[in-house]
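In: My questions are about this predicted structure, shown below with the sequence.
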Amino acid sequence: MLAGRKDPELGGDRAYIDIVGLNYYFHNQWWYPSRRKIPLGHKFYRPLNEILSEYYTKYGRPIMIAETGIEDDERPSWLNYVCEQTRAAIEAGVPIIGACLYPIANHPGWADNRHCHNGLWDYPNDRGEREIYQPLADELARQIAAFNVMRAPAAQVPRAESIGSPERPGCR
C-alpha cells in the first residue's frame, strides 16, 4: 500500500520508500496455522541472505536489519549467523546499510516481567554499572572486524576494541 501497488487510490508511491527495515528473529519462520517454529538448518528454513535478496528485488531499496537478537547462551551464535548471512547478501549485490542488535541491554519480559538475558549488557548494579555479556561482546568484535574488511577505510564502523571499554563511560 505504501508503494502504491495495492489500493493505489490511497495515494501510495514507490517514492515514499527510501529504506526497507526488516526485523529478523529466530522465530520468524514458522508453520501455518500452528505457528510452530521452523528450526535453523531444517530443509524448509530459508537462509536470511535469500530473504534479504527477495526484499531488495521486490522493493529496489537498501535494506536495514532493524532488529535481531535471541536470548541466553545462543546470543553469540545467532549474531554470527545473521552477520554471515548479511555479508553473503552484500556480496550478492544487496545494499545492506546496517543492522541493529536488539535489545542492547537485558530487560524485563513483555508479558511476565522475567529477567530476559538477550542484551549485550545486564541490568545496572547499585552504582549504575552494567555487566557486559562477554561472549556476545567478543562475537560482536569479530563481526565488526569482518565487516570492516568488506568496507573501504573511510566507511569503517566503530573500532571493535571500544566495545565495553573503560573509554566508554558506564559500559563495562
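Out: It's in.
In: who's the residue nearest to the spatial centre of the chain bridged to?
Out: In the chain, the residue lying closest to the centroid (CA atoms, centre = their mean) is residue 68, at 3.2 Å. For residue 68, the beta-bridge partners are residue 101 (DSSP bridges).
In: ok, it touching residue 82?
Out: Yes: if you go by CB atoms under 8 Å, residue 68 and residue 82 touch, sitting 5.0 Å apart. In short, each C-beta sits where N, CA and C put it, glycine included.
In: Return every residue with contacts to both of the two.
Out: 24, 99 (CB atoms under 8 Å, 6 or more residues apart in numbering).
In: So, low pLDDT: which residues of this structure?
Out: For the chain, applying pLDDT under 70 flags the ranges 152-172.
In: All the strands of it, residue numbers only.
Out: Per DSSP state E, the chain carries strands over the ranges 20-23, 63-68, 96-101, 107-108, 115-116, 121-124, 130-132.
In: looking at these, which is buried most?
Out: Ranked by mean neighbour count, these are led by strand 63-68 with a mean of 19 (mean count of other CB atoms under 10 Å).
In: Against which helices or strands is that one packed?
Out: strand 20-23, helix 48-59, helix 75-91, strand 96-101 (3 or more CB pairs under 8 Å, 6 or more residues apart in numbering; DSSP states H and E).
In: Give me the distance between the shortest one and the centre of its chain.
Out: Relative to the chain's own centre, strand 20-23 is displaced by 9 Å; criterion: CA atoms, centre = their mean, to the nearest Å.
In: Check which helices and strands it sits against.
Out: Packed next to strand 20-23, using 3+ CB pairs under 8 Å, 6+ apart, are helix 48-59, strand 63-68.
In: Figure out which of these is closest to residue 39.
Out: Nearest to residue 39, of all these, is helix 48-59, at 14.0 Å by CB to CB.
In: Which positions in the closest one come out as buried?
Out: Within helix 48-59, the residues scored as buried using 16 or more other CB atoms under 10 Å are 48-49, 51-53, 55-56, 59.
In: Next: stretch 25-42.
Out: 26, 29.
In: Quick check: end-to-end length of that stretch?
Out: End-to-end distance of stretch 25-42: 16 Å, with CA to CA, to the nearest Å as the criterion.
In: next one: that stretch to chain centre, how far?
Out: That offset, for stretch 25-42, works out to 18 Å (CA atoms, centre = their mean).
In: what does it contact?
Out: 44-46, 67-70, 74, 78, 81.
In: Now a ChimeraX select for only the buried ones of the residues you listed.
Out: Of the contacts of stretch 25-42, the buried ones go into a single ChimeraX selection, burial set by 16+ other CB under 10 Å:
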select :68,69,70,78,81
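In: Compile the contacts of stretch 25-42 into TSV and extend it with columns for distance to residue 92.
Out: Converted to TSV, the contacts of stretch 25-42 look like this (distance: CB to CB, whole Å):
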residue	distance to residue 92
44	21
45	18
46	15
67	22
68	19
69	24
70	24
74	26
78	21
81	17
